[in-house]
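# I'd like to go over a predicted model; first the sequence, then the structure.
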Amino acid sequence: MTPFPWSRKRAEPEPEPPSALEVVRAYHQRTKHSPYRYAAGPHDLDWANQPDPFRVWEGAPRVELERLAPVAGEGLRYTEVWRRGERAAAALEARNLSRLLYDAFALSAWKQYGESRWALRVNPSSGNLHPTEVHVVAPAVEGIADRPFVAHYAPREHALELRAELAPEAWAALGVPEGTLLVALSSIHWREAWKYGERAWRYCQHDAGHAMAALSLSAAALGWGVRPVEAFGRADLERLLGLGVTRGPEAEVPDVLLAVGPGAVELEVDVDGVLARWEGVAWRGSPSALSPEHVEWDVIDVVSEVTADARGALEARVEVPERAAEAPAGPPWREVVHHRRSAVAMDGRTSMALDDFANVLRRTLPVGAPFDLFARAHVDLVLFVHRVEGLERGLYVLVRDPARQGELRAAFRDTFEWAPLAGHGDLPLARLHAGDLRGLAARISCQQSIAGDGCFSLGMLADLGDLERAGAALYPRLFHETGAIGQVLYLEAEALGLRGTGIGCFFDDEVHAVLGLTTQRFQSLYHFAFGAPVEDTRLSTLPAYGD
């Protein structure tokens, strides 16, 4: 196991402490899986301590929101939503706030097997454990609160728990334009660590990326944009959201603050001025306990600490263009969002059309929502193509930032073809190696057959070299970007009548060996499978909010 450059007790004389980047790189190496050693985790699952997936702020007043279940055939079609600029922005009122949250974070169904029953949500989660919590900071909204407020979103009830009411001058200090609100995402690392141990921090960041993309697209359907508010550091966000009371294993760690509203919603904030106005805020509610006992994974706390955002942007923003117009087509948008599921197995037979495959990959390019959440694209896709009509089986690469192609070619095997995809010249896809790689795809994804049984599977290859320029705080954002790509793939699969599933378990360096990578610059952070699902007929499906 890679040694971790930190311990709670040090012998004298105290050595020079590791830098934040050294800690990040050590964590990344330590938490890799290999065929001979998995990352450290629990020996078995302690079901008595499984964390509650629903946090409640006990004692905070609760406001029930309108449950706006999709109606068959209603509203926007799937392809229309990706072009936010073509619709007038909706008003910030209770019904639209309810729909924003309902289409991004609400329950989508309950599943039942025997006496066991569990909820599914619109935003996917590793192991369905849901470490991501959602908080809202908003102006007065009729039917919710008469004054500006801070609230926690409760997905089980589709309700807001009002944690605080704000003085008008406190809200005004944020400088938020009319019709705009703030949404914050936080992670409870223990929910994932209970099952996955030290690698859990990675999965929490994937889930934050899923949630960011779900919010971005839900907002786009209302004609709203979403942008990160980067002025606040993590400690600032704890004060802004009243999270300082959540300490220990069940702590909520702020991940990102997002401005949601008409236009680009780029905010410049006097953080010290805002926090000075927050001094007198009276917080309500106490966080419910999630587990009677805990196992502490120190390395998660340490990597979380060293990647805490400093105030201000890490990188200069590269403007993301809007998507080109498409003929309105596809199923109704909200049906896709609420019917999305993660496949547990693929049928190993179904193929997809080449044009559909190409369109799916176009949707993952850094154009429009949700990729306008990120300053620049750091992630490329390495694809194992198994069943795409008219496309030879083999290993392919989609270079999402053309400026990186030369560096990838230099880093990859020199025997790769780099043959462009004929007939789709606008798509930066190239074949590296032709052949049947179904067995290889499954093997490097922790022997999971789902990676070889679909139409294709892929690994998301991130450029960790950018950490040298931007610092350790960029590390979680790389995972956020992969989570956003995963959310887009989930929706694309559903719209085509197929299914997707995120794969967090893979043999990291086995993937890199396939590509011929010999340094730690380009690293696979997330895998994904895409194909026709095999449904588990033993499970019953129940309504999300049935009586």
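It's in.
# Show me how the record splits the chain into domains.
Domains of the chain are assigned by automatic domain parsing as 41-69+77-288, 341-531.
# Quick one: closest of those domains to residue 21.
domain 341-531 (5.3 Å; C-beta to C-beta). In this view, the C-beta of every residue, glycine as well, is placed from N, C-alpha and C.
# from the chain's centre, how far out does that closest one sit?
Shown here is domain 341-531, whose average C-alpha point lies 16 Å from the average C-alpha point of the whole chain (C-alpha atoms, centre = their mean, to the nearest Å).
# Now do the contacts for residue 534.
With contacts defined as C-beta atoms under 8 Å, 6 or more residues apart in numbering, the neighbours of residue 534 are 343, 344, 345, 346, 347.
# how about the residues you listed, which pair is most distant?
Largest separation among the contacts of residue 534 by C-beta to C-beta: 344 and 347, giving 11.8 Å.
# okay, and the common contacts of those two?
With C-beta under 8 Å, 6+ apart, residue 344 and residue 347 have common neighbours 533, 534.
# for the domains of the chain, which one sits closest to residue 20?
domain 341-531 (3.7 Å).
# Now the terminal residues of that closest one, how far apart.
Between the opening and closing residues of domain 341-531 we find a distance of 12 Å, counting by C-alpha to C-alpha, to the nearest Å.
# same deal with stretch 171-186?
21 Å.
# Quick check: buried residues in it?
Within stretch 171-186, the residues that qualify as buried are 171, 173, 174, 176, 179, 180, 181, 182, 183, 184, 185, 186, counting by 16 or more other C-beta atoms under 10 Å.
# Could you export those residues as CSV, including pLDDT?
As requested, the buried residues of stretch 171-186 are exported to CSV (pLDDT from 0 to 100):
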residue, pLDDT
171, 96
173, 95
174, 95
176, 94
179, 94
180, 96
181, 97
182, 98
183, 98
184, 98
185, 98
186, 98
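# Report the two of those residues separated the most.
Within those, two members stand farthest from each other by C-beta to C-beta: 179 and 186, at 24.7 Å.
# so which of the buried residues of stretch 171-186 comes closest to residue 233?
Nearest to residue 233 among the buried residues of stretch 171-186, counting by C-beta to C-beta, is residue 184 at 13.0 Å.
# which residue packs closest to that closest one, ignoring adjacent ones?
Nearest residue to residue 184, sequence neighbours excluded (C-beta to C-beta, 6 or more residues apart in numbering): residue 135, at 4.4 Å.
# what bridges to the one you found?
Using DSSP bridges, the beta-bridge partners of residue 135 come out as residue 152, residue 184.
# does it really touch residue 238, like I thought?
No. No contact is recorded between residue 135 and residue 238 when judged using C-beta atoms under 8 Å, the distance being 11.0 Å.
# neighbour-wise, which of the two wins?
More neighbours surround residue 135 than the other of residue 135 and residue 238, with 25 against 19 (other C-beta atoms under 10 Å).
# Report pLDDT for that one.
What the model reports as pLDDT for residue 135 is 98.
# Contacts only, for it.
If a contact means C-beta under 8 Å, 6+ apart, then residue 135 has 150, 151, 152, 153, 163, 183, 184, 185, 186, 241 as its contacts.
# Need these in CSV (columns: distance to residue 121).
Below are the contacts of residue 135 laid out as CSV (distance: C-beta to C-beta, whole Å):
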residue, distance to residue 121
150, 22
151, 18
152, 16
153, 11
163, 21
183, 16
184, 18
185, 14
186, 16
241, 21
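# farthest-separated two in these?
The two members of those with the most space between them (C-beta to C-beta) are 163 and 185, at 15.5 Å.
# Residue 402: neighbouring residues, count only.
Applying other C-beta under 10 Å, we find 9 residues neighbouring residue 402.
# And the pLDDT for the closest residue to it other than its chain neighbours?
Here the nearest residue to residue 402 in space, its sequence neighbours aside, is residue 428; by C-beta to C-beta, 6+ apart that works out to 6.1 Å. You'll see residue 428 listed with a pLDDT of 95.
# mind listing the strands for the stretch 101-250 of the chain?
Assigned by DSSP state E, counting those that start in this stretch, the stretch 101-250 of the chain shows strands spanning 107-113, 116-121, 132-138, 149-154, 159-165, 181-187, 225-228.
# could you dump these to a markdown table with distance to residue 218?
Supplementary listing: the strands of the stretch 101-250 of the chain in a markdown table, determined by distance: least, C-beta to C-beta, whole Å:
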| stretch | distance to residue 218 |
| --- | --- |
| strand 107-113 | 13 |
| strand 116-121 | 13 |
| strand 132-138 | 12 |
| strand 149-154 | 12 |
| strand 159-165 | 16 |
| strand 181-187 | 10 |
| strand 225-228 | 9 |
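# Quick one: buried ones out of the contacts of residue 534?
The neighbour count (16+ other C-beta under 10 Å) marks 343, 345, 346 as buried among the contacts of residue 534.
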